[in-house]
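K.L.:
Quick check, what structure comes out for this input:
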Amino acid sequence: MAVDQASTIKSFNPATGELLGEAPCLNADAVQAAVDKAWSAFEQWQLLDYSKRRKLILALHKVLRKHADEIAKLVSQEVGKPLFESYTGELTGSLDACIWFAENTEKALKDQIIGMTNPLLASKQSIITFEPMGVVGIISPWNYPFAIPMMAIIMSVMVGNTVVLKPSEKCPLIGIKIEELFAEAGFPEGVVTVITGDRTTGQHLCQTSLAKLLFTGSAEGGSKVMAQAAKTLTPVGLELGGKDAAIILPDAPVEWTAKGLVWGAFTNCGQACASIERVYIVKSKNTDKLISYMMSLTEELKLGDGLAPGTDIGPVIDEGQLAKIEKQVNEARNMGATVVCGGKRRNDLSGHFYEPTILTGVDHSMDVMTQETFGPVLPVMVVDTEDEAIELANDSEYGLSASIWTKNLTNAEDIARDLEVGTVFINDGLFSFTCPQLPWGGLKKSGFGRTHSYFGLLDLVNIKHITIDSAGGANRLWWYPYGKSRIEVAKAGADLLHGSVPNKVKGLINFVVNSIWRSKE
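P.N.:
Have a look, this model is predicted:
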């Protein structure tokens, strides 16, 4: 069926400029209809026991395996990343999430019996239950267009919620594919619904009646989403940007560290919220050697189409992002930074390519050290002491992750506890986002809430307290009527439970006497 051009968004391959397809740009009525459908599906979906939802999640696992090559190719085409990264960064985490949440969700959210320590409450029993919330809205980004929404959806539906996903307007075809995969796995209609469109479509979703809204994107975008969701008092979970620091201690092995830093900075073309975006090297005899080796490794990286064999780094997502990267690097250069390698766009390639770049001579007066770059740029600052490195690492409005590179693991753990971030990697970086067992999220302008793991499950359920009293017998001590003797009982109870030994004895006597004398005075 022909689609009016004014109501569609187009998807282009950022490596070639090729038009890949179009998708509808849904208006407010269409978004509301999708949410209504999800609420209708929720009525039955929440009633399924864990075993039935688990069966469908495992069916999804088989579907993902069946279509793995197709999914990886589509990801590489629509956002440009190398095919290897489409498998490892997008599919691996999604497949692992199917297994881990299928096997662990019921156990993690089992009812809990809470004991009461106050003897006055001995007649009561408290139960903590974890119940589905309802419809979860997910607004996902383009940098990990499959793994981020897929893992969030798996968690959401496994606990009994239904989902409406709005993928980035830069990769709508992947979003459409996600809905098709859930349908093929046998999920009932309305359990997972995908709406495509631009930011206006996302705004429409924020203003509908959702039980929860999950947003992954920039801090600026997160602020807007919060404001939009506030109109309906919808609770939000935000996974936002980062300016992730790496601290290199003098004993760090040169080759290992250089390889880890180069990968951590340039994987996915540096377009990851947890990319290593600034390095603090504590000065040592190996400093120059480390920087030199990082430079040689970087110069060997091959830029190109993500589907081409041997490609290490794909394109930046679009011209706007490319311009932002150029601006930061040029500003740093004009302020005295040295471009050790890279430092320019590749006009000889057909897409939005920028050379992987290492800068030295940088400081915190430069945006490249304080503002998120989201591109293949690695600024390196040499400092005198470990304490200075920690202070500079914490001198950021972001707090997603950081890394420490050293042979002294005990010292590294001590430093890790001083860093103001959600995740600290010791001698590696980034990898844990693909691990469903581990929590992911940050502090400061990196957002709030956690996804993945047991803690992520808790963000997707209503934690309900049910208290049961064995009715009958005497009135409860705190019920009416009040009186002088009742006040004395309350005072005596505090002494009995929390006083010194003499006060406990006194409290016990007063408690018994005044409990017997119950007349109102």
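K.L.:
which ones are touching Val282?
P.N.:
247-250, 383-386, 388-389 (CB atoms under 8 Å, 6 or more residues apart in numbering). Quick note: C-beta positions are derived from backbone N, CA and C, even for glycine.
K.L.:
Would you report which members of these are assigned to helices?
P.N.:
Among the contacts of Val282, the ones falling in helices (DSSP state H) are 386, 388-389.
K.L.:
for these, which one is nearest Ala68?
P.N.:
Ala389 (41.2 Å; CB to CB).
K.L.:
measure the closest one to Tyr398 for me?
P.N.:
Ala389 is 17 Å from Tyr398, where distance means CB to CB, to the nearest Å.
K.L.:
Likewise for Gln228?
P.N.:
Distance from Gln228 to Tyr398, by CB to CB: 22 Å.
K.L.:
Compare these two (neighbour count), which wins?
P.N.:
Tyr398 (25 against 19; other CB atoms under 10 Å).
K.L.:
average pLDDT across the host helix or strand of Asn503?
P.N.:
Per DSSP states H and E: Asn503 is located in helix 501-516. Helix 501-516 carries an average pLDDT of 82.
K.L.:
same check, this time on stretch 47-54
P.N.:
For stretch 47-54, mean pLDDT rounds to 97.
K.L.:
again, but for stretch 159-172
P.N.:
Stretch 159-172 comes out at a mean pLDDT of 98.
K.L.:
Return the residues in contact with Phe455.
P.N.:
Neighbours of Phe455 in contact, by CB under 8 Å, 6+ apart: Pro439.
K.L.:
Am I right that it falls within a strand?
P.N.:
No - applying DSSP: H, G, I helix; E, B strand; the rest coil, one finds Phe455 to be helix, outside a strand.
K.L.:
any idea how far it is from Trp440?
P.N.:
Phe455 is 9 Å from Trp440, by CB to CB.
K.L.:
Can you get me the start-to-end distance on stretch 75-91?
P.N.:
The straight-line separation of the ends of stretch 75-91 (CA to CA, to the nearest Å) is 10 Å.
K.L.:
what mean pLDDT does that stretch have?
P.N.:
97.
K.L.:
May I see the buried residues of it?
P.N.:
Neighbour counts over stretch 75-91 (16 or more other CB atoms under 10 Å) mark 75-91 as buried.
K.L.:
Need the distance between the two termini of stretch 157-166.
P.N.:
Stretch 157-166 end-to-end distance (CA to CA) = 16 Å.
K.L.:
from now on call the first residue 674
P.N.:
Sounds good: first residue 674 from here, last item stretch 830-839.
K.L.:
is it true that Glu1093 touches Ser1119?
P.N.:
No - using CB atoms under 8 Å, Glu1093 makes no contact with Ser1119, being 9.9 Å away.
K.L.:
shared neighbours of these two, which are they?
P.N.:
By CB under 8 Å, 6+ apart, the residues touching both Glu1093 and Ser1119 are Gly1072.
K.L.:
Of these two, give the one with the bigger neighbour count.
P.N.:
Neighbour totals were compared for Glu1093 and Ser1119, and Ser1119 leads with 28 against 16 (other CB under 10 Å).
K.L.:
Excluding residues flanking it in the chain, which one is nearest the more buried one?
P.N.:
For Ser1119, ignoring the flanking residues on the chain, the nearest one in space by CB to CB, 6 or more residues apart in numbering is Leu1073 at 3.9 Å.
K.L.:
can you check Gly987 too?
P.N.:
Spatially, and ignoring its direct neighbours in sequence, Gly987 is nearest to Gly753 (3.9 Å; CB to CB, 6+ apart).
K.L.:
Contacts only, for that neighbour.
P.N.:
686-688, 942, 978-979, 987-990, 1024-1025 are the contacts of Gly753 under CB under 8 Å, 6+ apart.
K.L.:
Can you go through these and name the buried ones?
P.N.:
Taking 16+ other CB under 10 Å as the criterion, what is buried in the contacts of Gly753 is 686-688, 942, 978-979, 987-990, 1024-1025.
K.L.:
Packing partners of the host helix or strand of Leu887?
P.N.:
Assigned by DSSP H and E, Leu887 belongs to strand 885-889. Using 3 or more CB pairs under 8 Å, 6 or more residues apart in numbering; DSSP states H and E, the elements in contact with strand 885-889 are strand 808-812, helix 892-903, strand 909-912.
K.L.:
Compare these and give me the one nearest Gly1146.
P.N.:
Using CB to CB, the nearest of these to Gly1146 is strand 808-812, at 44.4 Å.
K.L.:
The buried residues of stretch 748-764 in strands, which ones?
P.N.:
Per DSSP state E, strands hold no members of the buried residues of stretch 748-764.
K.L.:
From Val1035, how far off is Thr1011?
P.N.:
Noted for Thr1011: a distance of 9 Å to Val1035, by CB to CB.
K.L.:
Settle it for me: which of these two has more neighbours?
P.N.:
More neighbours surround Val1035 than the other of Thr1011 and Val1035, with 20 against 13 (other CB under 10 Å).
K.L.:
if we can go back for a sec, tell me the least confident of the contacts of Gly753?
P.N.:
Ranked by pLDDT, the contacts of Gly753 bottom out at Gly1024 (94).
K.L.:
thought that one was touching Gln750?
P.N.:
No - using CB under 8 Å as the test, Gly1024 is too far from Gln750 to be in contact (11.5 Å).
K.L.:
intersection of neighbour lists for the two?
P.N.:
Asn686.
K.L.:
nearest spatial neighbour of Ser1069, skipping sequence neighbours?
P.N.:
Closest to Ser1069 by CB to CB, 6+ apart is Lys916, at 5.1 Å.
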